[in-house]
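With the input below, show me the fold.
(one chain, ligands or ions: 2)
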Amino acid sequence: MKTVSASNVPLIRLADEPDSVASAVAALENGELVVLPTETVYGLAADAANGEAVAAIFAAKGRPRFNPLIAHVDGIAMAERLCRFDPLSRDLAAAFWPGPLTLVLTKRDDAPVHDLVTAGQPTLAIRHPLGFASRIIAELGRPLAAPSANRSGRISGTDAQAVANDLGGSVAMIVDGGAPPVGVESTIAKVEDGIITVLRPGGVTAEELTNFGEVRRAGHGAAIEAPGMMTSHYAPNTTLRLDVEKVREGEALLAFGPDRVGGFERAVAVENLSESGDLRQAAARLFAAMRALDGCGAAGIAVEPIPTEGLGEAIRDRLIRAAAPRSESDKR
Ligand code: AMP
Ligand code: MG
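Ligands and ions are numbered 1, 2, ... in the order given. Prediction:
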């Protein structure tokens, strides 16, 4: 695996190095920020009980304080200490954890989670991630607050070098676990009266949730339920155009599937999310492809149509937000 270099990052470790776990845990216990690989995207982690450390997350990301963070746990037992579960949420956790499903639940008063994590709300979003991050939480014995490792509103971190470039100066350590296998953030769901409301589409599809109960989608006006769902998000510097029928002069092309749209030969660069049209592969490649096209000097990025089913919903959600106009109030 490649070694990451960023002059302003003091310590970068590969996830499979023997002392990576001990170093990461020591830094977190010390109130420092550590970038950890998860199966969704890289997380900018801090001890969720340490208010100063959590405040440092908001500062490093330039994230508005009203936008709460997800608390990451090492399993149901830790989750039950933080939140009150209804039976359906417990079933969902049993079915999808560890994995890309975040549940919004009522926080217990004595949960070891600083108020900054919840932005003062009575609810807490929790998730059990897969792999390295889960080992770190188990060693630490406490939950980690860990939003995506990127400046607020920007393309989510899916490779250690990009994270180092974006946030390097603010963190004690970056653990490089390679490309996250899911590639998009977790699905955020909230159960009320036995109905599952999806606050943010993500790595667990609506179809998968349907096996457990009625699924509703929070509209784009769900800004109060999930304050992170601001209109402009995941944004590259270059403008995106979605569902194009034709590539325009000077544009790069974000392609999907075996067939190309008109004018593709004039694209200044092409990244295909999945030649075979596999949405799982497309999700895993999405942010890296956006980053690559953003850096190629094109006048704009044309995006081919992506299906709406399965993981297509999460991919389209990210692309719609990446293409959204950026008002002053959205630059956060
Ligand atoms: P990120 O960690 O960058 O994937 O962002 C976390 C997302 O979870 C944001 O969209 C937050 O608004 C959302 N979130 C965190 N806590 C809550 C909560 N208690 N209720 C609803 N949404 C939440
Ligand atoms: Mg994020």
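
close enough to count as contact, Lys190 and Thr102?
No. In this structure Lys190 lies outside contact range of Thr102 using Cβ atoms under 8 Å: 9.4 Å. Every C-beta, even on glycine, is put in place using the N, C-alpha and C of the backbone.

Of these two, give the one with the bigger neighbour count.
Neighbour count, other Cβ atoms under 10 Å: between Lys190 and Thr102, Thr102 has more, with 27 against 20.

Show residues contacting the helix ranked longest in the chain.
Secondary structure of the chain read by DSSP state H shows that its longest helix is helix 279-294. Helix 279-294 has contacts (Cβ atoms under 8 Å, 6 or more residues apart in numbering) with 41, 155-159, 162, 179-184, 203, 234, 236-238, 252-254, 256, 269, 271, 273-274, 301, 306-307, 309-312, 314-315, 318-319, 322.

Please indicate which of these are buried?
The neighbour count (16 or more other Cβ atoms under 10 Å) marks 41, 155-159, 162, 180-184, 203, 234, 236, 238, 252-254, 256, 271, 273-274, 301, 306, 311-312, 314-315, 318-319, 322 as buried among the contacts of helix 279-294.

need the residues of the stretch 51-200 of the chain near ligand 1, please.
Residues of the stretch 51-200 of the chain lying near ligand 1 by Cβ under 6 Å from any ligand atom: 67-70, 104, 118, 121, 123-125, 147-148, 185, 188, 199-200.

what's stretch 18-29 in contact with?
Taking Cβ under 8 Å, 6+ apart as the rule, stretch 18-29 contacts 11, 13-14, 33-34, 36, 45-47, 53, 132, 135-136, 139-140, 144, 172-173, 175.

roughly how far out does it sit from the chain middle?
22 Å (Cα atoms, centre = their mean, to the nearest Å).

And stretch 281-299, by the same measure?
16 Å.

Over to stretch 198-206?
On Cα atoms, centre = their mean, the centre of stretch 198-206 falls 12 Å from that of its chain.

residue ranges for the strands of the stretch 201-332 of the chain, please.
Remark: strands assigned in the stretch 201-332 of the chain by DSSP state E, counting those that start in this stretch are 215-217, 240-241, 251-255, 270-272, 300-303.

no no, the stretch 51-200 of the chain
70-72, 83-84, 101-107, 123-127, 144-145, 173-176, 187-192, 195-200.

how about the last one: buried residues?
In this case it means strand 195-200. Within strand 195-200, the residues that count as buried by 16+ other Cβ under 10 Å are Ile196, Thr197, Val198, Leu199, Arg200.

Taking the residues you listed, tell me the two that lie furthest apart.
Greatest spacing in those, by Cβ to Cβ: Ile196 and Arg200 (12.8 Å).

low-confidence ranges in the stretch 101-250 of the chain?
For the stretch 101-250 of the chain, residues meeting the criterion pLDDT under 70 lie at 220-230.

Going along the chain, name the helices of it.
Along the stretch 101-250 of the chain, counting by DSSP state H, counting those that start in this stretch, helices occupy 115-118, 132-140, 160-167, 206-210.

wait, isn't Ser148 in contact with Pro37?
No. Contact criterion Cβ under 8 Å: Ser148 and Pro37 do not qualify, at 12.0 Å.

list residues touching both of these two?
Taking Cβ under 8 Å, 6+ apart as the contact rule, Ser148 and Pro37 both touch Gly43.

can you tell me which residues contact Leu88?
Contacts of Leu88 (Cβ under 8 Å, 6+ apart): Val191, Gly194, Ile196, Phe212, Gly213.

do Arg217 as well
By Cβ under 8 Å, 6+ apart, the residues touching Arg217 are Thr197, Val198, Pro201, Ala206.

6 Å instead?
Shown in contact with Arg217 (Cβ atoms under 6 Å, 6 or more residues apart in numbering): Val198.

which residues does it bridge with?
For Arg217, the beta-bridge partners are Val198 (DSSP bridges).

Roughly how far does it sit from Trp97?
With the distance defined as Cβ to Cβ, to the nearest Å, Arg217 ends up 22 Å from Trp97.

what's the answer for Leu286, then?
Distance from Leu286 to Trp97, by Cβ to Cβ: 23 Å.

Looking at these two, which has the bigger crowd around it?
Shown here are Leu286 and Trp97; by other Cβ under 10 Å, Leu286 has more neighbours (29 against 21).

Report the separation between the closest residue in space to Gly297 that isn't next to it in sequence and Val247.
The shortest distance from Gly297 to any non-neighbouring residue, by Cβ to Cβ, 6 or more residues apart in numbering, is to Val268 (7.4 Å). Between Val268 and Val247 the distance is 9 Å, computed by Cβ to Cβ.

Nearest residue to Asp317 in space, please, no chain neighbours.
Distances taken as Cβ to Cβ, 6+ apart put Pro201 closest to Asp317, at 4.9 Å, once the chain neighbours are dropped.

Give me the phi and psi angles of the one you found.
The phi/psi pair for Pro201 (degrees, to the nearest 10) reads phi -70, psi 150.

Now do it against Leu101, distance only.
Taken as Cβ to Cβ, the span from Pro201 to Leu101 is 11 Å.
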